[in-house]
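Undergrad: Requesting a structural model of the entry that follows:
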Amino acid sequence: MSNDDASLREQHLDWSSKQGRILTANGTASSLYTSERGFSFRSDELPHHFLQLGTIHDVHPRLPNTQVLLPIVGAWKRTFFYGGWEYTCEADEITFNLQTHSLFIDLRVPRSRNELLRNRVTASVPPTSLDDLDATQLRYYARQHCFAGYTHGSFTDDAASRTGMDCCCTRHHCIDWNYVGTGRDRPNKWWVQLHENQSGNTWKEWAYATNDCAQHYYCEQWERLPQDDPPSNVPVVAFRKRRNQNSPERDGVLVIVGDHFNYCVDRQSMAGFEKYAACTSLVATVDAAIKADDLVSARAWLSLRGGHGRISEGWIVDNAIEFWTEGKALWEKEDLSTTGNALEDFCLVWNGEPWDLYESNVQNTHDLKVLLHTGLRKRTTLKSGSGAPKKPDLTVTVTNHERMNTRGRFCPTNFPSIPIIGLLHQAIRTGIESLRVLTSPSLLNYHFAMNHSRTIQAKFSALSVEADTFRREADKATQERLRVEQELQALHAKQKEITHQIRVGQDALGSFDREKAALLNEKKRLDAQLQQERTLLEQCCAESDALVSEEVQAKQEFVKELSQANKDLSDLLLGQEDRRLRSLLSVQTVPALLATIQEVSSPDSSDSSSGSELEAAIASLKEETEAYNRNLEHQKHLEEQIATFRQRFLSISASGKNQVMCRRRIHSRASKLVSPPSFYSSEPQSIAEEQLNELESVWSQNREDEEDSDPNSRLTNVADVSPVHLQLFYGTEKHEENMDVEGSGDVDAMTL
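TA: Predicted coordinates for the structure are as follows:
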């Protein structure tokens with residue numbers, strides 16, 4: 001094996017993979033079709049959606065009442081195909097893409113297949129079926145492609161407007177060479193850009209989605225095939241095989257555009273092929289079957305039929321999936337028949353199987369029959385050995401798709417017909433030549449020839465007159481055709497103007513739709529935000545109500561606690577005052593008091609100085625009682641006077657006014673007192689019972705002596721003593737030894 005052969009085999013085996021890499025941006029195309037990037041799609045836009053559901057016949061009816069007129073109707077070849085860093089061109093593969101306003105068939109055959117299979121047949125007998133191909137040849141055979149289905153066009157799209165794009169097309173596959181049960185995960189959807197200066201003979205197919213660089217990730221350039229004109233001038237016909245549950249082949253499509261035809265017949269039933277369900281492509285399935293030495297399954301998967309040919313060549317197939325059928329006729333005259341006298345029920349019967357008419361711009365069924373049988377007449381003439389006559393005239397009556405009847409159906413209208421003059425004139429000439437042959441003297445005797453010559457001459461004259469009549473009608477038809485062509489040109493100009501206006505209006509409508517969609521999205525977003533804020537507000541209100549309830553409860557508890565605290569404080573203050581009164585006199589001050597009274601009461605002291613000295617002594621005594629207040633329990637005889645003082649203090653505390661006045665009077669009295677002597681110690685001293693008795697008697701006598709001297713300065717009652725000099729209960733309790741008596745008195749007065 002030479003290096004060239006090895007390179008050719010490697011290149012051919014990689015053909016399908018390379019096509020997939022270009023078409024899918026090296027496997028990343030699926031990630032580009034997202035709503036976030038502006039390229040969302042519906043599930044019913046996927047190419048195999050209806051095929052998987054089994055409703056591919058129901059969603060695409062025959063002869064629809066309404067239909068979008070596609071600008072790419074015709075017979076096309078692909079001259080360039082690129083994406084990413086790879087490309088292929090016309091030198092790498094042969095393509096035939098025949099497109100009507102509804103049905104299409106796309107055939108793609110790599111030229112390397114012809115080199116490896118058709119031109120290098122190693123067997124002595126060329127193959128006539130898949131059974132004649134070995135395992136290696138089956139692998140080569142799997143590297144080609146053919147699919148058919150429906151094309152839907154739209155001049156408005158949800159995606160952002162594309163400057164310079166003429167329309168957007170979406171294809172649904174009913175037959176697919178590469179479909180093995182796993183559907184494609186993105187739509188077969190692309191943009192159409194017509195060449196401005198080529199009158200619709202060249203256009204580009206751009207990927208619907210763009211990559212992160214805002215570039216279409218693949219592009220295909222298509223050019224019109226020879227012997228093809230705009231659809232208003234050539235036949236555009238499409239047939240589809242009628243559904244038949246008993247048929248071994250599932251589906252079939254036949255498309256005729258101008259002088260070109262494409263056919264595609266699906267493979268046989270895939271029942272029993274579940275063991276290769278893990279494979280996602282035909283190439284992978286066939287390779288897996290061959291690896292498992294299952295050539296029967298491999299041939300069954302490869303049983304799809306498809307090809308292209310020219311009508312003017314007698315319906316001869318020139319390129320096909322089954323390469324051994326190339327050079328042969330698609331059908332023979334005896335294999336073909338038609339039924340139905342109207343387009344609505346017209347049916348092509350091929351090998352006993354009915355094919356329904358799905359689309360046609362031919363006016364009537366007669367012209368359709370002529371179109372389908374034209375090439376067959378040529379082959380019959382060739383077989384009879386009459387030489388090589390001229391190619392049959394394919395000029396048939398067509399209907400411009402821009403002109404529809406009141407029902408909107410693409411059916412015959414009052415469009416003027418063009419008779420097939422050429423064929424009729426040729427038939428007349430052929431009959432005349434046959435008559436001349438029959439009248440040859442070498443075959444008949446002279447008398448027989450003379451008897452029939454007059455009859456033949458009369459018939460010849462009649463035929464000549466009829467031929468002249470046909471010529472005149474042909475001239476009239478030619479003039480009518482020229483007039484119609486002028487009208488068609490005017491209609492084309494008007495059509496372009498109307499199409500331009502429609503596109504402008506569609507662009508404006510598309511802009512309005514996009515703005516409307518943006519506003520609706522913004523409204524949805526605001527509604528969602530408002531609903532979220534409403535929910536948060538309700539939560540805040542609920543939390544606020546809970547907090548208010550808790551706060552009210554806390555305030556109520558606080559009020560209760562405060563009331564209880566005020567009560568406890570009142571009890572405490574009353575107890576403080578009680579303890580203050582109880583600590584009026586301390587047992588430690590008794591010795592100093594006795595000594596002072598005895599000194600004052602001595603006969604040597606004068607009456608004038610006894611009062612002032614006594615007040616000074618009492619002031620000293622009051623100052624000293626603040627430090628010595630811990631042995632009040634030993635002075636039981638003073639408890640009655642302390643109890644009397646407590647009652648009087650409580651009665652005074654009940655009235656705020658009396659209390660304030662009492663405080664002012666007590667503080668006024670206290671400001672006149674002097675500090676106690678400094679020689680008193682802080683240690684308590686024990687006083688005997690007899691000393692108490694002596695103190696009581698001396699105290700009583702002193703009070704009697706003071707009543708007549710100065711009633712304003714004497715102590716008439718224990719209550720007249722200022723609280724500043726009366727140490728409270730703090731002094732007698734161990735846990736309140738160091739509290740400020742004067743400060744406590746002020747707090748008590750303000751609180752009570």
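
Undergrad: Look up how far residue 235 lies from residue 370.
TA: 10 Å (Cβ to Cβ, to the nearest Å). Glycine gets a C-beta too; all of them are placed from N, C-alpha and C.

Undergrad: cool, residue 368 as well?
TA: Residue 368 sits 9 Å away from residue 235, going by Cβ to Cβ.

Undergrad: How about residue 566?
TA: 111 Å.

Undergrad: Can you read off the pLDDT for residue 233?
TA: Here, the pLDDT recorded for residue 233 equals 81.

Undergrad: To clarify, my last question referred to residue 733.
TA: For residue 733, the predicted pLDDT is 40.

Undergrad: Residue 566 and residue 235: who's more crowded?
TA: Between residue 566 and residue 235, counted using other Cβ atoms under 10 Å, the more crowded position is residue 235 (21 against 11).

Undergrad: any idea of the mean pLDDT in stretch 144-155?
TA: The average pLDDT for stretch 144-155 rounds to 92.

Undergrad: Helices of the stretch 51-200 of the chain, start to end?
TA: Secondary structure of the stretch 51-200 of the chain by DSSP state H, counting those that start in this stretch: the helices cover 111-113, 135-142.

Undergrad: what's the neighbour count on residue 306?
TA: Residue 306 has 29 nearby residues by other Cβ under 10 Å.

Undergrad: So it lies in a helix, does it not?
TA: No - secondary structure assignment (DSSP: H, G, I helix; E, B strand; the rest coil) places residue 306 in strand, not in a helix.

Undergrad: give me the beta-bridge partners of the closest residue to it other than its chain neighbours?
TA: Of all residues not flanking residue 306 in the chain, residue 146 sits nearest, at 3.6 Å (Cβ to Cβ, 6 or more residues apart in numbering). Beta bridges link residue 146 to residue 107, judged by DSSP bridges.

Undergrad: residues in contact with residue 146?
TA: Shown in contact with residue 146 (Cβ atoms under 8 Å, 6 or more residues apart in numbering): 105-108, 175, 177, 264, 304, 306, 321.

Undergrad: if we take those, which one ends up nearest to residue 72?
TA: Nearest to residue 72 out of the contacts of residue 146 is residue 106 (Cβ to Cβ; 12.0 Å).

Undergrad: which residues pair with the nearest residue to the closest one once chain neighbours are set aside across the strands?
TA: In space, and not counting its chain neighbours, residue 106 is closest to residue 97: 4.8 Å by Cβ to Cβ, 6+ apart. Here residue 97 sits in beta bridges with residue 76, residue 106, as judged by DSSP bridges.

Undergrad: pretty sure residue 97 contacts residue 81?
TA: No - Residue 97 sits out of contact with residue 81 when judged by Cβ atoms under 8 Å, with a separation of 11.6 Å.

Undergrad: Strands of the stretch 451-600 of the chain, start to end?
TA: With strands called from DSSP state E, counting those that start in this stretch, the stretch 451-600 of the chain shows none.

Undergrad: can you list the weak-confidence ranges in it?
TA: Along the stretch 451-600 of the chain, segments meeting pLDDT under 70 span 451-454, 580-600.

Undergrad: Distance to residue 496 and pLDDT added to the contacts of residue 146, as CSV?
TA: Shown next, in CSV, are those (distance: Cβ to Cβ, whole Å; pLDDT from 0 to 100):
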residue, distance to residue 496, pLDDT
105, 29, 97
106, 28, 97
107, 31, 98
108, 32, 97
175, 35, 94
177, 38, 95
264, 33, 96
304, 40, 94
306, 35, 97
321, 39, 96
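
Undergrad: Tell me which stretches of the stretch 501-650 of the chain form helices.
TA: Counting by DSSP H, counting those that start in this stretch, the segments of the stretch 501-650 of the chain that form helices are 590-601, 607-625, 639-653.

Undergrad: nearest to residue 279, of the contacts of residue 146?
TA: Nearest member of the contacts of residue 146 to residue 279, counting by Cβ to Cβ, is residue 177, at 14.0 Å.

Undergrad: doesn't residue 145 make contact with the closest one?
TA: Yes - look at residue 177 against residue 145 with Cβ under 8 Å: they come within range, at 5.1 Å.

Undergrad: who has more neighbours, the two?
TA: Shown here are residue 177 and residue 145; by other Cβ under 10 Å, residue 177 has more neighbours (27 against 21).

Undergrad: Contacts for stretch 186-206 next, please.
TA: Stretch 186-206 has contacts (Cβ under 8 Å, 6+ apart) with 29-30, 33, 41, 45-47, 71-72, 74, 153, 162, 164-173, 207-208, 216, 218-224, 230.

Undergrad: Can you tell me which of the residues you listed are buried?
TA: Among those, those buried by neighbour count (16 or more other Cβ atoms under 10 Å) are 29, 33, 41, 45-47, 71-72, 74, 153, 165-173, 207-208, 216, 218-224, 230.

Undergrad: Out of those residues, which sit inside strands?
TA: Counting by DSSP state E, the part of these found in strands is 74, 153, 167-173, 207, 219-224.

Undergrad: For residue 257, list each beta-bridge partner.
TA: Judged by DSSP bridges, the bridge partners of residue 257 are residue 236, residue 260.

Undergrad: contacting residues for it?
TA: 73-75, 98-100, 228, 231, 234-236.

Undergrad: Correct me if wrong: residue 47 contacts residue 172.
TA: Yes - look at residue 47 against residue 172 with Cβ under 8 Å: they come within range, at 5.9 Å.

Undergrad: Quickly list what's touching both of these two.
TA: With Cβ under 8 Å, 6+ apart as the test, residue 47 and residue 172 both reach 149, 188.

Undergrad: Now do the same for residue 35: helix, strand or coil?
TA: coil.

Undergrad: Could you count how many residues lie near it?
TA: Neighbours around residue 35, by other Cβ under 10 Å: 9.

Undergrad: Next, give phi and psi for it.
TA: Note on residue 35: backbone dihedrals following degrees, to the nearest 10 are phi -70, psi -30.

Undergrad: Against residue 11, how distant is it?
TA: Separation of residue 35 from residue 11 (Cβ to Cβ) stands at 39 Å.

Undergrad: follow-up on the earlier one: nearest to residue 90 among the contacts of residue 257?
TA: Closest approach to residue 90 among the contacts of residue 257 (Cβ to Cβ): residue 75, at 14.8 Å.

Undergrad: so what's residue 56 scoring on pLDDT?
TA: pLDDT, read off for residue 56, is 85.

Undergrad: for residue 176, what are its contacts?
TA: Per Cβ under 8 Å, 6+ apart, neighbours of residue 176: 47-48, 51, 147-149.

Undergrad: who wins for neighbours among those?
TA: Neighbour count (other Cβ under 10 Å) singles out residue 148 as the most crowded of the contacts of residue 176, with 29 neighbours.
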